[in-house]
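*Asks:* Okay, here's the prediction I keep looking at, along with the sequence it came from:
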Amino acid sequence: MVYRVVRAVVRLLLWLFTELEVEGTEHVPAGPALMVCNHVNLMDPVVPIAVLKRRVTFMAKEEVFATPFLGPLLRALQVVPVARGRIASRRALQRAEEFLRRGWIFCLYPEGTRSRRPGMGPGHGGAALLALRTGVPIVPAAITGTHLILPEGRIFPRRGPVTFRIGEPFRVERAMGRISRSALEHLTEVIMRRIAVLLPPEYRGVYALEPSPARVQE
């Protein structure tokens, strides 16, 4: 019930404050899926909630859960808190696996934090690790325009265009046993490149340059 109400409110707000363009919803598979997206602005996570017809959740910094109104709301939406540190990150990924086993869509932002500018930063290995542990489809997605709707330091949004593009899903074989660092680095590169090709050049950041073919083969 809470999720349905939040989704309705978010859809209304996006209709009021954005000129939202959505592409590729037909690529979202049935069953569990790991959606991976670039992260520019605080409002980015509300876009998949509004756009996707299926249940989706994500991670948020542990500090946000201490906020009087936002904290209880995030808990009601079953957003996964993540704190700094390897052990805390491992626990958050374990929670994410639980939601995937329920058949949900789990949305991760591999950069780890918002870039505060259009250009992508380097990806971290959490999304790759989750994909290798579960073998679920990986759905690349790209968002543009949110940093102009709600610029840093602004409380009220201003109307403008936002685009949410969803690419074709792909999957990797589920890893059995220990996962090597090279496997994580390789899949992280693939994931970030899949996101980058959905973005306009000015949003690609460190992934603007073409890599050697060997680095992006699956």
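*Replies:* Noted; the coordinates are in hand. Numbering: from 1, shown residues only.

*Asks:* need the helices for this protein, in chain order.
*Replies:* Counting by DSSP state H, the chain has helices at residues 2-17, 46-51, 70-76, 86-101, 126-134, 146-149, 181-196.

*Asks:* Low-confidence regions, this structure specifically.
*Replies:* The model of the chain has pLDDT under 70 over residues 85-88, 115-116, 153-154, 210-218.

*Asks:* is it true that residue 51 touches residue 22?
*Replies:* Yes. Applying CB atoms under 8 Å, one finds residue 51 in contact with residue 22, separated by 5.4 Å. C-beta coordinates here come from the backbone N, C-alpha and C atoms, glycine included.

*Asks:* Looking at the two, which is more packed in?
*Replies:* residue 51 (20 against 14; other CB atoms under 10 Å).

*Asks:* got the contact list for that one?
*Replies:* Listed by CB atoms under 8 Å, 6 or more residues apart in numbering, the contact set of residue 51 reads 20, 22, 25, 164.

*Asks:* go again using 6 Å as the cut-off
*Replies:* Going by CB atoms under 6 Å, 6 or more residues apart in numbering, residue 51 touches 22, 164.

*Asks:* that older thread, now for the helices of the chain, which one comes closest to residue 175?
*Replies:* Nearest to residue 175, of all the helices of the chain, is helix 126-134, at 4.2 Å by CB to CB.

*Asks:* helices and strands around that closest one, which ones?
*Replies:* strand 33-37, helix 86-101, helix 181-196 (3 or more CB pairs under 6 Å, 6 or more residues apart in numbering; DSSP states H and E).

*Asks:* so how far is the shortest one from its chain's centroid?
*Replies:* For strand 33-37, the distance between its averaged C-alpha position and the chain's averaged C-alpha position is 6 Å (CA atoms, centre = their mean, to the nearest Å).

*Asks:* Residues touching it, excluding its own?
*Replies:* Residues outside strand 33-37 that contact it (CB under 6 Å, 6+ apart) are 105-110, 127, 130-131, 136-141, 143, 191.

*Asks:* before we move on, back to that, possible to save the helices and strands packed on helix 126-134 as JSON lines with distance to residue 2 and mean neighbour count?
*Replies:* Formatted as JSON lines, the helices and strands packed on helix 126-134 follow (distance: least, CB to CB, whole Å; neighbours: other CB atoms under 10 Å):
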{"stretch": "strand 33-37", "distance to residue 2": "21", "mean neighbour count": "25"}
{"stretch": "helix 86-101", "distance to residue 2": "16", "mean neighbour count": "15"}
{"stretch": "helix 181-196", "distance to residue 2": "29", "mean neighbour count": "19"}
